[in-house]
Structures are given as C-alpha cells and as structure tokens.
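**Q** Model the following, please.
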Amino acid sequence: MAMVRMLVSISGTRDGQDWPVRGGLLEVADVEAAALVAGGLAEAVVPEPGAVETASLDTRPAARGRKGSGA
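**A** The predicted structure follows:
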C-alpha cells in the first residue's frame, strides 16, 4: 500500500466513498498510486524515518459549486 496526497479534487466516488479533497491523503495499492502520480492527480507521500502511521485520512467531500460565479 502507498500513501498519496491529492493535487486536484475529483468529483464522484471511489469504492463508494467521496474522493479526498485537494491536499487530502489517500492510501491505495501501489499500482493505483503510480497511476494517480503518473496522471498528475496526486503526489507520493514518503513517510519520514521513525514517523508513526495513523489511520486518520481526510475524507471530507469537496466543496460543491464555485465562489464568485455571479449567477
């Protein structure tokens, strides 16, 4: 498993859950992490030596709509 930080917000769901917001963390299989990074959607998160892993991931849904649309 690999940890990635999302560089963009993606609408819709992944495995029945909303995608993390831009800057949110996501733990995925190595091959999926590689695809997200190669597509410019995420960056790999390299844990610092001695860092303690946590199960806390940012899974808040992305904000809906646009600010300042003037509509």
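**Q** isn't there a strand covering residue 34?
**A** No: using DSSP: H, G, I helix; E, B strand; the rest coil, the assignment for residue 34 is helix, not a strand.
**Q** give the contact list for the spatially closest residue to residue 33 that is not a sequence neighbour.
**A** Residue nearest to residue 33 in three dimensions, not counting chain neighbours: residue 2, with 3.7 Å by C-beta to C-beta, 6 or more residues apart in numbering. In short, each C-beta sits where N, CA and C put it, glycine included. Shown in contact with residue 2 (C-beta atoms under 8 Å, 6 or more residues apart in numbering): 27, 28, 29, 30, 33, 34, 44, 45.
**Q** In strands, which of the residues you listed fall?
**A** 27, 28, 44 (DSSP state E).
**Q** Break down this protein into its helices, ranges please.
**A** Along the chain, counting by DSSP state H, helices occupy 30-38.
**Q** ok, what's across the strand from the residue nearest to residue 34 when sequence neighbours are not counted?
**A** Leaving aside its chain neighbours, residue 34 sits nearest to residue 2 (7.9 Å; criterion: C-beta to C-beta, 6+ apart). Bridge pairing for residue 2 (DSSP bridges) gives the partners residue 28.
**Q** Could you report the pLDDT at residue 2?
**A** You'll see residue 2 listed with a pLDDT of 93.
**Q** sorry, back to before: now the buried members of the contacts of residue 2.
**A** 28, 33 (16 or more other C-beta atoms under 10 Å).
**Q** Next, format the contacts of residue 2 as TSV and append distance to residue 14 and pLDDT.
**A** Converted to TSV, those look like this (distance: C-beta to C-beta, whole Å; pLDDT from 0 to 100):
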residue	distance to residue 14	pLDDT
27	12	93
28	9	94
29	12	94
30	16	95
33	13	96
34	16	96
44	18	96
45	17	94
